[in-house]
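# here is my input, please return the structure:
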Amino acid sequence: MKRKVLCVSSLAVWFLIFSTFFSLRVERWMTPIVTECVPTSSQSSTGARLSLDCLFPDEEGLPVLYQTYEGLGWDAGLRVKRASPLYTVMEDSIAAGGVDRVVQYASKEFTAGERVTVTDLKATREDLYLAVCPTGVRLREDLPENIEVLAQTENALLARAGQAPQIFMPKQAVGELFQRYPFTMPDERVYSLADVDSFFSALPLAALLPGMMVFVLLLWGGSFSFLKDVKNNRVRLLLNGCFMAATLLVLPLLLHFLQFPSSLLPKSSIVEVSHYIREFTEILSSLRHFAAAGVTEAQASLSHAHTMLWVSLGVILLPALLAAAVLVLERRGPRTTAA
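Here you go, the predicted model:
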């Protein structure tokens, strides 16, 4: 009985260490990246103004401003809060009033009190924007010079963006592409295909995480039968224990290299499956329409996504096959005789 309790405890300790490493990394992945701006004055305005791009929907979907602040104690770190209602939303701008520095763009949705990281968006890259427009495409007449529309349907748009921000900010892309109406939040959704490709490229590496758990569970389950004769199976038990410990040594290195684009992650929980289903159903469905129309950029992204999904499935199965092979070899090998 003591041997079985020890075996169960070893698995519990393994999962505790695994969860600790994973949770620390998830905290970094889920931290929104934001930019800030300050009110500016012009000759045509009587006071300081902010762009309508600074508005974010609150819990009820109403447009509000957010600011950053330094938390204390358990809430230490840079966080966001709703700005004091000392501003007025106008047709083409926001009368700042007593509001100072505010959040302008964010890499993903956030909630009040959440920890954030501030960036300046100086680094650039070439990108492809996939826009989904539920109420129809309403392009701005003054599109930026670095944006080229490649294809368009009634409710979707594909555009190439030169010198796009290295860190994709969905609301910024919406403001560059589409007309903005006062007092309402835009219903268009823009995705970065560079981020989509990066997300699918990360899946094979991410698939090693459940693969490692399957590997450990199979070895742990196979070790149970060896407990009946510990003296003759001590080498097998020690070998399986070393394999389990080795996965924990590899885990920090794996998590270090595993990166997910912030713009595609859920608002609160990284394992929110419904978010990924809804998001990638929309993305892949739109890409299929453009791919069927012969748009090579859409065909390339779609092909890459399908390839990475199949590779990820293989990566999950590989550790299971490896654990099964180890157990088969251990059972066929010579037993260690007791001294």
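
# for stretch 103-121, buried residues please.
103-110, 114-116, 119, 121 (16 or more other Cβ atoms under 10 Å). Where you see a C-beta, it was placed from the backbone N, CA and C, and this is true even at glycine.

# just the CA trace of that stretch, in PDB.
Written as PDB, here are the backbone C-alpha positions of stretch 103-121 (Å, rounded to 0.1, in the frame of the first residue of the first chain):
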ATOM      1  CA  VAL A 103      -4.700  53.900 -23.500                       C
ATOM      2  CA  GLN A 104      -5.100  54.100 -27.300                       C
ATOM      3  CA  TYR A 105      -4.600  50.600 -28.700                       C
ATOM      4  CA  ALA A 106      -4.400  47.100 -27.300                       C
ATOM      5  CA  SER A 107      -3.200  43.800 -28.700                       C
ATOM      6  CA  LYS A 108      -6.200  42.000 -27.200                       C
ATOM      7  CA  GLU A 109      -9.300  42.700 -25.100                       C
ATOM      8  CA  PHE A 110      -8.700  43.500 -21.500                       C
ATOM      9  CA  THR A 111     -10.700  44.100 -18.300                       C
ATOM     10  CA  ALA A 112     -10.400  46.900 -15.700                       C
ATOM     11  CA  GLY A 113      -7.800  46.100 -13.200                       C
ATOM     12  CA  GLU A 114      -5.900  43.700 -15.500                       C
ATOM     13  CA  ARG A 115      -2.100  43.900 -15.800                       C
ATOM     14  CA  VAL A 116      -0.700  45.300 -19.100                       C
ATOM     15  CA  THR A 117       2.500  46.000 -20.900                       C
ATOM     16  CA  VAL A 118       3.100  49.300 -22.600                       C
ATOM     17  CA  THR A 119       4.900  49.500 -26.000                       C
ATOM     18  CA  ASP A 120       5.600  52.300 -28.500                       C
ATOM     19  CA  LEU A 121       5.000  50.400 -31.800                       C
END
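
# any stretches of the stretch 1-150 of the chain with poor pLDDT?
Where the stretch 1-150 of the chain drops to pLDDT under 70, the residues are 1-4, 42-46.

# quick one, strands of it?
33-37, 49-50, 56-57, 63-64, 66-71, 77-82, 88-89, 94-95, 102-106, 117-118, 124-132, 147-152 (DSSP state E, counting those that start in this stretch).

# nearest to Leu6, of those strands?
strand 77-82 (40.0 Å; Cβ to Cβ).

# what does the closest one contact?
For strand 77-82, the external contacting residues (Cβ atoms under 8 Å, 6 or more residues apart in numbering) are 34, 58, 64-71, 103, 110, 112-118.

# Tyr114 is in contact with Val34, isn't it?
Not quite, residue 114 is Glu, not Tyr. No - look at Glu114 against Val34 with Cβ atoms under 8 Å: they stay out of range, at 10.1 Å.

# can you tell me the centre-most residue of this protein?
For the chain, Leu265 is the residue whose C-alpha lies nearest the centre (Cα atoms, centre = their mean; 3.2 Å).

# so it sits right up against Trp29, yeah?
Yes - checked against Cβ under 8 Å, the pair Leu265 and Trp29 is within contact range at 6.4 Å.

# list the buried residues of the host helix or strand of Leu219.
Per DSSP states H and E, Leu219 falls inside helix 193-224. By 16+ other Cβ under 10 Å, the buried positions in helix 193-224 come out as 193-204, 206-209, 211-220, 222-223.

# helices or strands up against that helix?
If contacts are counted by 3 or more Cβ pairs under 8 Å, 6 or more residues apart in numbering; DSSP states H and E, helix 193-224 sits against helix 2-29, strand 124-132, helix 234-257, helix 296-332.

# list the buried residues of the last one.
Pointing back at helix 296-332 there. 297-299, 301-302, 305, 308, 312, 315-316, 319, 322-323, 326-327, 330.

# and Phe21, how far from Phe15?
Using Cβ to Cβ, to the nearest Å, we find Phe21 at a distance of 11 Å from Phe15.

# please disregard the earlier target; I meant Pro204.
23 Å.

# again, but for Ile94
49 Å.

# neighbour count: these two, which is higher?
Counting neighbours by other Cβ atoms under 10 Å for Ile94 and for Phe15 shows that Ile94 has the greater number, 23 against 13.

# for that one, which non-adjacent residue is spatially closest?
Excluding its sequence neighbours, the residue lying closest to Ile94 (Cβ to Cβ, 6 or more residues apart in numbering) is Leu50, at 4.1 Å.

# can you check Pro144 too?
That would be Glu176: by Cβ to Cβ, 6+ apart, it lies 5.5 Å from Pro144.

# quick one: pLDDT of Asn240?
The per-residue pLDDT reported for Asn240 equals 83.

# give the contact list for the residue nearest to the centre of the chain.
By Cβ under 8 Å, 6+ apart, the neighbours of Leu265 are 29-30, 108.

# let me see the confidence value for it.
For Leu265, the predicted pLDDT is 96.

# do the one 3 residues further on as well
Model confidence at Ser268, given as pLDDT, is 87.

# number of residues surrounding it?
12.

# tell me who's in contact with the closest residue to Leu258 other than its chain neighbours.
Spatial nearest neighbour of Leu258, chain neighbours left out: Leu205 (5.1 Å); criterion: Cβ to Cβ, 6+ apart. Contacts for Leu205 were tallied using Cβ under 8 Å, 6+ apart; they are 254, 257-258.
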